[in-house]
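A.B. asks: Give me coordinates for this.
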Amino acid sequence: MSTTGPDGHQESELDGDFGVRPYTVTNGRTKPSTPLDLVSLVRATGKSKVPPERLGLEHAQALQLCAATTSVAEVAAHLRQPVVVTKVLLSDLIESGAVTARFPTFDSTDPSRLEALLDGLRRL
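C.D. replies: Take a look at the predicted model:
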């Protein structure tokens with residue numbers, strides 16, 4: 001579904017809360033530099049090579065969500081961004097040292113685990 005925004009361009013549901021298109025958020029990048037899974041756990045480290053005031057809005061929001069250990073899927077849901085956009089944002093934060101990631105130690109293609117993840121996301 002799409003609507004016409006205040007500037008006359010078509011906005012889709014993937015545009016996020018502020019009408020920002022996903023390719024704008026990632027500067028056109030579609031592949032994260034760090035391989036992340038939906039259930040990868042991310043957490044802020046409290047240190048970064050990039051000062052917080054130099055982070056873009058979306059990066060700052062993602063970093064704030066990582067104050068407590070959370071999954072990539074949860075960050076994407078809270079940001080209201082597609083998962084691939086969230087993975088690119090989190091990869092940037094990992095490269096800067098602001099976030100660390102712990103990868104799943106189980107088979108993330110297991111249907112019962114994926115169903116449990118979906119159930120959890122629906123409850124958000």
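
A.B. asks: Contacts for stretch 79-87 next, please.
C.D. replies: In this structure, residues lying in contact with stretch 79-87 by Cβ atoms under 8 Å, 6 or more residues apart in numbering are 14, 16-17, 22, 25-26, 30, 32, 34, 36, 38, 58, 61-62, 65, 72-73, 75-76, 89. All C-beta atoms are positioned from the backbone trio N, CA, C, and that covers glycine.

A.B. asks: Buried ones in that stretch, by neighbour count?
C.D. replies: For stretch 79-87, the neighbour count (16 or more other Cβ atoms under 10 Å) marks 79, 81, 83-87 as buried.

A.B. asks: before we move on, what about stretch 36-52?
C.D. replies: By neighbour count on 16+ other Cβ under 10 Å, the buried set for stretch 36-52 is 36-42, 44, 48.

A.B. asks: gap between the residue most central in space within the chain and residue 51?
C.D. replies: Central residue check for the chain by Cα atoms, centre = their mean: the C-alpha nearest the mean position is that of residue 86, 2.2 Å away. Here the distance between residue 86 and residue 51 works out to 22 Å (Cβ to Cβ, to the nearest Å).

A.B. asks: The one helix or strand residue 60 maps to packs against which elements?
C.D. replies: Secondary structure assigned from DSSP states H and E places residue 60 in helix 57-65. Other elements packing on helix 57-65 under the criterion 3 or more Cβ pairs under 8 Å, 6 or more residues apart in numbering; DSSP states H and E are helix 72-79, helix 83-95.

A.B. asks: let's see 10 Å
C.D. replies: Counting contacts by 3 or more Cβ pairs under 10 Å, 6 or more residues apart in numbering; DSSP states H and E, helix 57-65 packs against helix 22-25, strand 41-44, helix 72-79, helix 83-95, strand 99-102.
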